[in-house]
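Colleague: Here is a sequence together with a model predicted from it:
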Amino acid sequence: QGGMVVAFVLAVVMNVGSYWFSDRIVLSMYKAQELGVNDAPALHRMVDELARKAGVQKPRVYLVPQDAPNAFATGRNPQNGIVAVTRGIVNLLSPDELRGVLAHEMGHIKNRDILVQTIAATIGGTIVMVANMVKWMTIFGFGGRDDEGGGGNPLFMLLMAILAPIAAMIVQMAISRSREYLADRTGAELSGTPGALADALEKLEAYSRRIPLQGGNPATENMFIVNPFAGFSMGSLFSTHPPIAERVARLRAMGGRRY
């Protein structure tokens, strides 16, 4: 029990730090530069309009100097929101499609997804830490021999130590995927053009496989609108994103390009 408390405290500290500083870390990681209104007036007009519709404070706008077409939102709450787009996505998409993508990212900010993911990561991190402690205790013979109920069986404990992190990862993936669906729906409602967002997702999937993000960390995958590492051989094996085809189908089912 003491070990579980320590693991939980460590997971909380790590993830609270991530919650407060993840925006600075990821912006620095991808060398993102803030765009003023004069730098990208059309982009700022879209962001301003969508923020007003979403009822949130206008987020700051950043540009990631990469040709891989993608976008992400960060910031610990709607009052500290940030929307970042890559050079590639600005060049690739039509104005309506780009507006749909920005609306999706505004959906993440409106729905407080950074907080949701932080809570999920805290729970998952605790499970992983406890599992690792159990694994090493079992390997070095500190797991006990009380076979009653199987709880002290070393093989049983080792098996649980291996399976628990996998289960935690699956739960985190499920949460991340559900938030992507919700952001798609929120974005479609904010923009009024679900078809444009669907078109954008299809383009982004095709181009992301040919031009994956360079120099990034796979741990940031869930932040992006599409898997930025899909072009790598293992990039989509444990993707935090739902299949693009399913996302597109749901958006198409919402109606035409405007409603």
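Modeller: On my side now, so go ahead.
Colleague: worst-scoring helix or strand of the protein, pLDDT-wise?
Modeller: helix 113-139 (a mean of 66; mean pLDDT, DSSP states H and E).
Colleague: which intervals of the stretch 51-200 of the chain have sub-threshold pLDDT?
Modeller: Across the stretch 51-200 of the chain, the ranges flagged by pLDDT under 70 are 118-153, 156-158, 160-161, 164-165, 167-169, 171-172.
Colleague: which residue ranges form the helices in it?
Modeller: 87-92, 95-110, 113-139, 154-191, 194-210 (DSSP state H, counting those that start in this stretch).
Colleague: Go through the first one and flag the buried ones.
Modeller: So the one you mean is helix 87-92. By 16 or more other Cβ atoms under 10 Å, the buried positions in helix 87-92 come out as 88-90, 92. C-beta: built from backbone N, CA, C; applies to glycine.
Colleague: Now tabulate these in JSON lines and tack on distance to residue 33.
Modeller: Shown next, in JSON lines, are the buried residues of helix 87-92 (distance: Cβ to Cβ, whole Å):
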{"residue": "88", "distance to residue 33": "15"}
{"residue": "89", "distance to residue 33": "15"}
{"residue": "90", "distance to residue 33": "13"}
{"residue": "92", "distance to residue 33": "19"}
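Colleague: Tell me the one of these nearest residue 36?
Modeller: Distance to residue 36, by Cβ to Cβ, is smallest for residue 90 among the buried residues of helix 87-92, at 15.3 Å.
Colleague: Just give the closest residue to that closest one, not the sequence neighbours.
Modeller: residue 98 (6.9 Å; Cβ to Cβ, 6 or more residues apart in numbering).
Colleague: residues touching the one you found, list them.
Modeller: For residue 98, the contact set (Cβ atoms under 8 Å, 6 or more residues apart in numbering) comprises 43, 46, 85, 89-90, 200.
Colleague: how much space between it and residue 82?
Modeller: According to Cβ to Cβ, to the nearest Å, residue 98 and residue 82 sit 17 Å apart.
Colleague: Same question for residue 68.
Modeller: From residue 68 over to residue 82 (counting by Cβ to Cβ), the distance is 19 Å.
Colleague: Looking at the two, which has the bigger crowd around it?
Modeller: residue 68 (25 against 21; other Cβ atoms under 10 Å).
Colleague: For that one, list the residues it contacts.
Modeller: 86, 88, 207-208, 211-214, 228.
Colleague: Which of the buried residues of helix 87-92 sits closest to residue 240?
Modeller: Distance ranking of the buried residues of helix 87-92 against residue 240, using Cβ to Cβ, places residue 89 first at 19.0 Å.
Colleague: Spatially nearest residue to the closest one, not counting backbone neighbours?
Modeller: Using Cβ to Cβ, 6+ apart and skipping the chain neighbours, the partner closest in space to residue 89 is residue 69 (4.0 Å).
Colleague: contacting residues for that neighbour?
Modeller: By Cβ under 8 Å, 6+ apart, the contact set of residue 69 is 86, 88-89, 91-93, 203-204, 207-208, 211.
Colleague: any idea of the mean pLDDT in stretch 246-259?
Modeller: Averaging pLDDT along stretch 246-259 yields 81.
Colleague: Buried residues, that stretch. List them.
Modeller: For stretch 246-259, a neighbour-count test (16+ other Cβ under 10 Å) marks 247-248, 250-251, 254 as buried.
Colleague: Could you tell me which of these belong to helices?
Modeller: Among those, DSSP state H puts 247-248, 250-251 in helices.
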